[in-house]
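Asker: sequence plus the predicted model coming up.
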Amino acid sequence: MTSWAKLSLSAGPAICKTMIIKCPHCGKETEYRDNPFRPFCSERCKLVDLGGWLSGTYRVPIKNSNEDEDGEPIPQKDPAKG
Ligand SMILES: [Zn+2]
C-alpha cells in the first residue's frame, strides 16, 4: 500500500462541492455560488465588460439578409424621365 494513493483519492471529490468559473473579463477563477457578479469575479469586471459592450468594443458579426447573393444587378429608374 502506497501512501500517495491515499492522497490522490482524498483530493478528488472536493472539486464537485464548489463550482469554480473563470471570469470572462480577467480570467480570474471565482466561485459561481454566492457570487452576485457572476459570471464575473467582481463588480468592477462586470461593469467594465458591460461598458465594453455598450461602447462597441465587442461587435457581433451580423450577416446582411438584404445582400444579393446572386449578384444580379438591380434595374434603376432614370430620374430624368417621367
Ligand atoms: Zn474579473
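Answerer: Cool, the structure landed.
Asker: so where's the longest helix in the chain?
Answerer: Of all segments of type helix in the chain, defined using DSSP state H, the longest is helix 43-55.
Asker: do it and the ion meet?
Answerer: Yes: interface with the ion: helix 43-55 contributes residue 45 (CB under 5 Å from the ion). For the C-beta atoms, the positions are set from N, CA and C on the backbone; glycine is no exception.
Asker: residues contacting that helix, please?
Answerer: Identification of contacts with helix 43-55 by CB atoms under 8 Å, 6 or more residues apart in numbering yields 23, 24, 25, 26, 28, 36, 37, 40, 58.
Asker: wait, the fifth one touches residue 39, no?
Answerer: Spelled out, it's residue 28. No: judged on CB atoms under 8 Å, residue 28 makes no contact with residue 39 at a distance of 11.2 Å.
Asker: and the two? Which one has more around it.
Answerer: Each of residue 28 and residue 39 has its neighbours counted (other CB atoms under 10 Å); residue 39 has more, 15 against 12.
Asker: tell me where this structure has strands.
Answerer: Using DSSP state E, the strands of the chain run over residues 20-22, 29-31.
Asker: ok, which of those comes nearest the ion?
Answerer: Among the strands of the chain, strand 29-31 comes nearest to the ion, with 7.1 Å by CB to the ion.
Asker: check which residues of the closest one are buried.
Answerer: residue 30 (16 or more other CB atoms under 10 Å).
Asker: tell me the mean pLDDT over it?
Answerer: Across strand 29-31, the average pLDDT comes to 92.
Asker: that strand close to the ion?
Answerer: No: against the ion, strand 29-31 shows no contacts by CB under 5 Å from the ion, the least distance being 7.1 Å.
Asker: who in the protein is up against the ion?
Answerer: 23, 25, 26, 28, 41, 45.
Asker: show the buried residues in the residues you listed.
Answerer: Buried among these (16+ other CB under 10 Å): 23, 25, 41, 45.
Asker: please, where are all the helices along this protein?
Answerer: Ranges of helices in the chain, per DSSP H, are 3-11, 14-17, 43-55.
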